[in-house]
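Chemist: Any chance you could fold what I've pasted below:
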Amino acid sequence: MKIGINARFLTLPFTGIGQYTRSLVRAMAKLKPENEFVLFTPELVDLDLPSNCKQIRVAEKPYSSASLRKANWEHVLVPREMERFGINLAHFPYPCNPWRKLPFPTIVTVHDVIPWKLPEYRERIRSKLYHLYSRLALKKADQIITVSDFSKREIVKILKLNEKKVTVIPEASPITDSPADFPELSLRRKFFLYVGGYDPRKNVPLLIQAYQKFISHLYPIDLILAGGKGKGLEAFVTDEHRHRVDGKYLIKPKGRVIFTDTVPQNELNCLYRQALALVHISNYEGFNLALVEAMSAGIPIICSDIPVHHEVTRDIALFVDPKSLNDVGNAMHRLVHDTALQKSLAKRGLEESKNFTWEKAAEETLYVYSLFV
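Modeler: As a prediction, the model looks like this:
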């Protein structure tokens, strides 16, 4: 069987969709060496993938608008090349299948409904049109894969789809082949870790404020925000909660907020293993891969009390109100002192992480393929 995959995000390997595409394709190709996986990308990427994976460059048209270049590439150029290469089935790892019905089965992965649920993700007219068309195009897909039961319920409700058309296949920790070298960061002290995006729903400013109020002025424990450099968050590091001598002389905090550049996966794995805990207080998620990565690394998790976090962690976490600075800070403070809780959460999370593997995800995805070819 010849499977065509829109692999655009392989050019952005640090993104969630880039990691999902690479890890899933690699696992499927190993399980089914008799299949050919044809990966369509706008630029050639140096990838270590099995020999039954073939990368095809489909150059974007030189339109002045980046959004127009992307839409044309996704909805016109790639489907045309898929037909030309005679593929038997197409898989789009994010909502980018074309508006027209293709002459072969089409599978689409929808990680969440954020673009259609949260209005701040479609403020511009081009963004509104793009997400409107992608929503309509999803109705023409033969099957949709999503990553959690929570996301399935949201997809069925918001996109008005039959629940039988949506299959849940959870993700796993990203695959890496690189040696686990330690990153160029100070790891001599304990630290809390945040890994994820920095858009408003991720709630990072409140995390910074909670850390400064409850941790940094009391303990030599840092807060590392992976990939947080240049995101405009430095302004939230203030003197508001620092102690003073005689009411006016600031005392240097014992801990500090560290903003890093984008961290390669092998170095990120090192950070996970060294962290006191992962703290993730997002207001909305469709899955949240960082929680799986933390469980796989054997560290505790503090996360927001939202339905999908309960599903992913199997309730093995400290849950907090993401709107309450005090609730977040008190949970961090509690974990610093309660070593028995640290060990319990880490041990139970590590055991639960065994339920999330790319081999399992690949097997289930290949089964979905087999229903249509």
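
Chemist: alpha carbons only for contacts and neighbour counts from here, please
Modeler: Fine.

Chemist: Excluding chain neighbours, what is closest to Pro98?
Modeler: His75 (4.3 Å; Cα to Cα, 6 or more residues apart in numbering).

Chemist: wait, Val58
Modeler: Pro42 (5.0 Å).

Chemist: hmm, back to that, my reading is that the residue nearest to Pro98 lies in a helix. Confirm?
Modeler: Yes: with DSSP: H, G, I helix; E, B strand; the rest coil as the criterion, His75 is assigned to a helix.

Chemist: where does the residue nearest to Val58 sit relative to Pro62, distance-wise?
Modeler: Pro42 sits 12 Å away from Pro62, going by Cα to Cα, to the nearest Å.

Chemist: So between the two, which is more surrounded?
Modeler: Between Pro42 and Pro62, Pro42 has the larger neighbour count (other Cα atoms under 10 Å), namely 21 against 9.

Chemist: OK, contacts around the more buried one?
Modeler: Pro42 makes contact with Arg8, Thr11, Arg57, Val58, Ala59, Glu60, Trp73, according to Cα atoms under 8 Å, 6 or more residues apart in numbering.

Chemist: Check Asn288 too.
Modeler: Asn288 neighbours (Cα under 8 Å, 6+ apart): His309, Val312.

Chemist: is it true that Phe9 touches Ser23?
Modeler: No: with contact defined as Cα atoms under 8 Å, Phe9 does not count as touching Ser23 (11.9 Å).

Chemist: how's this structure carved up into domains?
Modeler: When the chain is parsed with automatic domain parsing, its domains come out as 2-172+357-370, 190-355.

Chemist: Would you convert those domains into CSV that also reports mean pLDDT?
Modeler: Formatted as CSV, the domains of the chain follow (pLDDT from 0 to 100):
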stretch, mean pLDDT
domain 2-172+357-370, 93
domain 190-355, 93
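
Chemist: returning to that earlier point: quick check: phi and psi at the residue nearest to Val58.
Modeler: Backbone torsions for Pro42, taken as degrees, to the nearest 10, come to phi -70, psi -20.

Chemist: cool, Gly227 as well?
Modeler: phi 70, psi 20.

Chemist: ok so, going back, which one of the contacts of Pro42 has the most neighbours?
Modeler: Arg8 (27 neighbours).

Chemist: Name the nearest residue to that residue, sequence neighbours excluded.
Modeler: Thr41 (4.7 Å).

Chemist: Next, the contact list for the one you found, please.
Modeler: Per Cα under 8 Å, 6+ apart, neighbours of Thr41: Asn6, Ala7, Arg8, Phe9, Leu10, Thr11, Gln55, Ile56, Arg57, Val58, Ala59.

Chemist: Which strand residues bridge it?
Modeler: Thr41 has the following beta-bridge partners by DSSP bridges: Arg57.

Chemist: Adjust the sequence numbering to begin at 29 for everything that follows.
Modeler: All right, first residue 29 from here; so that's Thr69.

Chemist: How much space separates it from Val53?
Modeler: Distance from Thr69 to Val53, by Cα to Cα: 14 Å.

Chemist: Give me the buried positions along stretch 99-119.
Modeler: Buried positions in stretch 99-119, judged by neighbour count with 16 or more other Cα atoms under 10 Å: 99-103, 105-107, 109-110, 115-119.

Chemist: which one of those residues sits closest to Asn383?
Modeler: His119 (24.0 Å; Cα to Cα).

Chemist: In a strand, that closest one, correct?
Modeler: Yes: according to three-state DSSP, His119 belongs to a strand.

Chemist: shouldn't it be in contact with Lys30?
Modeler: No: with contact defined as Cα under 8 Å, His119 does not reach Lys30; the gap is 11.1 Å.
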